[in-house]
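K.L.:
Provided below are the primary sequence and the corresponding predicted coordinates.
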Amino acid sequence: MITNTFGSSRSAALAAPIGPDEVDPHPSGRIDDVTTPGSSATSATQTPATQSPATQAPSARRKRMLTGDRPTGKLHLGHFVGSIENRVRLQHEYETFLIIADLHMLTTRNTRKDIDEVSRNARDMVLDQLAAGIDPEHATFYLQSAIPEVCELNTLFQNLVTVPRLERVPSLKDMARAAGKDEMPYGLLGYPVLQAADILCVKGDIVPVGKDNHAHVEVTREIARRFNFLYGEVFPIPELVESQITTLIGTDGQSKMSKSLGNAIMLSDDAATVRRKVIGMYTDPNRIRADIPGTVEGNPVFAYHDAFNDDPAEVADLKERYRAGRVGDVEVKDRLTSAVNRYLEPMRERRAGFERRSGLVDGIIVDGTERTRREVQVVLAEVKRAMGITGSYNQLRRKAERARKRRDA
Ligand code: TRP
């Protein structure tokens, strides 16, 4: 079941109160003056902070979705059911930001080779999502490392959560173990804090993610509440959007689908590859002949039938015959091959359309990154005003200017 409860109890006052010491005598805002990436016309005609959607009252602002992935390779069916399906479904209802989280990737993979693969992986991942049905006219893709303001927000957020709290996040230990690290890197412990910076730097309202990320969204909510309590209502409290299928088992039946374990069906697999992978799937090991009754529960072949076969009558019939020992594995797998290929076929067609337009995906990422960066700069300026950080420097600057004038007089 989709359990997305969007009932938000947001305060009406999104605009942070500005303290008396923070009245900026330079409304042009030298402190908050921002340099936008690139030298495109858009950076010259930048919207003043006060008119940006990010600082509008919540009622006037379209709600936002933020989610994404680390650029470690192509996406598979597990990504699709875990999060991408929800992205596609919700992209028209929400203003959508899709992160390519290369800084998060560095918490477990940071060799020069890993980094050199980011641009290709980013391209592949975006193409996978376009093929899956993300509309580039509606969604904004961006590369995390090209928005340094996120790191600034991360630094500020690091003081809003404790080390023992982060040590209790189970996914981090799993990631450390999977990366072969016997001690927790500092950056990996901070993974959920950086993720909170991603979500809150555009004031994300909803976050559709797979199960391994649920605890990170919880940390984000705690950080947002803590910030609002200390400095005024700046952030929404983002809602987690769960998927119907929380974890998709791999083709080997041993653990969740993962490209590195070699048990994944990729969204970009062609029909023959899908066939080969399905035929090789793990199934009930006790069933050495077609006339031996088999077990459907926990059987990955039937988990996939449930997830991807659009013909429920066929699935019910296969299950019944399987339990009774009246169907061979070959037929069950043949029908699964057809079902998965029916599922992927529209994606293949859309992919071919996008692939024909050379440079399109790169342009989508670059335009999206610049647009996101402008949004983030507005939010960061609001954050620093709310915290009084802007005021600290403004005070020093005003005094320094007065002293200089006296000297020069
Ligand atoms: N943690 C996500 C993953 O498992 C990637 C990610 C980084 C993310 N920042 C995010 C997801 C913000 C949702 C929202 O790959």
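P.N.:
Perfect, thanks for sending it.

K.L.:
residues in contact with the strand or helix carrying Arg89?
P.N.:
Arg89 is part of helix 85-90, with elements assigned from DSSP states H and E. By C-beta atoms under 8 Å, 6 or more residues apart in numbering, the residues outside helix 85-90 that reach it are 2, 4, 65, 67, 96, 98, 129, 132-134, 139, 206, 208, 241, 243-244. Glycine gets a C-beta too; all of them are placed from N, C-alpha and C.

K.L.:
What about the ligand: which of those touch it?
P.N.:
Thr67 (C-beta under 6 Å from any ligand atom).

K.L.:
Kindly give a single PyMOL line that selects the buried subset of the contacts of helix 85-90.
P.N.:
Selecting the buried subset of those in PyMOL, with 16 or more other C-beta atoms under 10 Å as the burial test, is done by:
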select buried, resi 4+65+67+96+98+129+132+133+134+139+206+208+241+243
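
K.L.:
Return the member of the contacts of helix 85-90 nearest to the ligand.
P.N.:
The nearest member of the contacts of helix 85-90 to the ligand, counting by C-beta to the nearest ligand atom, is Thr67 at 4.1 Å.

K.L.:
Check for me that that closest one belongs to a strand.
P.N.:
Yes: under DSSP: H, G, I helix; E, B strand; the rest coil, Thr67 falls within a strand.

K.L.:
going forward, begin numbering at 66 instead of 1
P.N.:
OK, 66 is where the count begins now, so the last one is Thr132.

K.L.:
Can you give me the neighbour number for Ser320?
P.N.:
By other C-beta atoms under 10 Å, 11 other residues sit near Ser320.

K.L.:
Quick one: residues contacting it.
P.N.:
Counted by C-beta under 8 Å, 6+ apart, Ser320 has contacts 314, 326, 328.

K.L.:
So in terms of bridging, what pairs with the first one?
P.N.:
Beta-bridge partners for Ile314, by DSSP bridges, are Lys321.

K.L.:
sorry, back to before: make JSON lines out of the contacts of Ser320 and add neighbour count.
P.N.:
Output for the contacts of Ser320, formatted as JSON lines (neighbours: other C-beta atoms under 10 Å):
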{"residue": "Ile314", "neighbour count": "22"}
{"residue": "Leu326", "neighbour count": "14"}
{"residue": "Asn328", "neighbour count": "23"}
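
K.L.:
pLDDT and distance to the ligand added to those residues, as a markdown table?
P.N.:
As requested, these are exported to a markdown table (pLDDT from 0 to 100; distance: C-beta to the nearest ligand atom, whole Å):
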| residue | pLDDT | distance to the ligand |
| --- | --- | --- |
| Ile314 | 96 | 18 |
| Leu326 | 91 | 16 |
| Asn328 | 97 | 18 |
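
K.L.:
Quick check, pLDDT for whatever residue of the chain ends up closest to the ligand.
P.N.:
Nearest to the ligand in the chain, going by C-beta to the nearest ligand atom, is Ala166, at a distance of 3.5 Å. Listed pLDDT for Ala166 reads 98.

K.L.:
what about it, how many neighbours?
P.N.:
Applying other C-beta under 10 Å, I find that Ala166 has 23 neighbouring residues.

K.L.:
between the contacts of Ser320, which is nearest Lys449?
P.N.:
Nearest to Lys449 among those is Leu326, at 43.1 Å by C-beta to C-beta.
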